[in-house]
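Enquirer: have a look at this prediction, sequence included:
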Amino acid sequence: MTHPGDPRTGRRWQALARAVIRRDQGKCWRCGRDGADTAGHVLPVTTHPHLALDPDNLRAEHGERRTIEADGFDCRGNYSHGADAGMNSSNTQAKLEHQRRDW
Ligand SMILES: [Zn+2]
């Protein structure tokens with residue numbers, strides 16, 4: 001969902017996202033898997049609008065829709081800031097293994 005003033009629209013964003021994906025070698029910063037197809041903000045645009053187009057605040061990640069459609073895995077939903085960063089181990093690991101085969 002975009003709104004007026006959202007930086008994630010237009011050519012400038014597209015070019016920037018591609019550059020970030022290349023820089024991060026297609027590895028998603030949220031789930032660590034390859035195949036990132038867009039860029040995401042480390043510090044949210046809502047709180048840090050001035051960093052919206054700053055490459056240092058951008059990381060390659062999986063687009064939400066594509067990820068869900070491709071394999072049912074929402075890497076956003078499986079990522080949390082800090083607290084559960086270890087994720088719940090075996091379950092997540094098994095899931096990742098499974099997906100690596102299908103990728
Ligand atoms: Zn991901």
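Expert: Happy to help now that I have it.
Enquirer: show me what from the protein comes close to the ion.
Expert: By the rule CB under 5 Å from the ion, the part of the chain lying against the ion is C28, R30, C31, H62, C75. To be clear about C-beta, it is placed using only N, CA and C from the backbone, and glycine gets the same treatment.
Enquirer: how about 6 Å then?
Expert: Counting by CB under 6 Å from the ion, the residues of the chain close to the ion are C28, R30, C31, R33, E61, H62, C75.
Enquirer: and the fourth one, how close does it get to G10?
Expert: Put plainly, it is R33. Separation of R33 from G10 (CB to CB, to the nearest Å) stands at 28 Å.
Enquirer: the two: who's more crowded?
Expert: Neighbour count, other CB atoms under 10 Å: between R33 and G10, R33 has more, with 18 against 10.
Enquirer: next one: phi and psi at the more buried one?
Expert: phi -90, psi 160 (degrees, to the nearest 10).
Enquirer: right, and it touches D24 too?
Expert: No. With contact defined as CB atoms under 8 Å, R33 does not reach D24; the gap is 11.9 Å.
Enquirer: and the strands in the protein?
Expert: Using DSSP state E, the strands of the chain run over 38-41, 58-61.
Enquirer: deepest-packed of those, please.
Expert: Mean neighbours per residue, mean count of other CB atoms under 10 Å, is largest over the strands of the chain for strand 58-61, with a mean of 24.
Enquirer: ok, that one: who's next to it in the sheet?
Expert: strand 38-41 (antiparallel) (DSSP bridges).
Enquirer: what's the mean pLDDT across the strand it pairs with?
Expert: Averaged across strand 38-41, pLDDT comes to 92.
Enquirer: list the buried residues of stretch 14-31.
Expert: Within stretch 14-31, the residues scored as buried using 16 or more other CB atoms under 10 Å are L16, A17, V20, I21, D24, C28, W29, R30, C31.
Enquirer: with adjacent residues omitted, what lies nearest to C28?
Expert: Nearest residue to C28, sequence neighbours excluded (CB to CB, 6 or more residues apart in numbering): A36, at 4.3 Å.
Enquirer: for the one you found, what are its contacts?
Expert: When contacts are counted by CB atoms under 8 Å, 6 or more residues apart in numbering, A36 is found next to I21, D24, G26, K27, C28, W29, A60, E61, H62.
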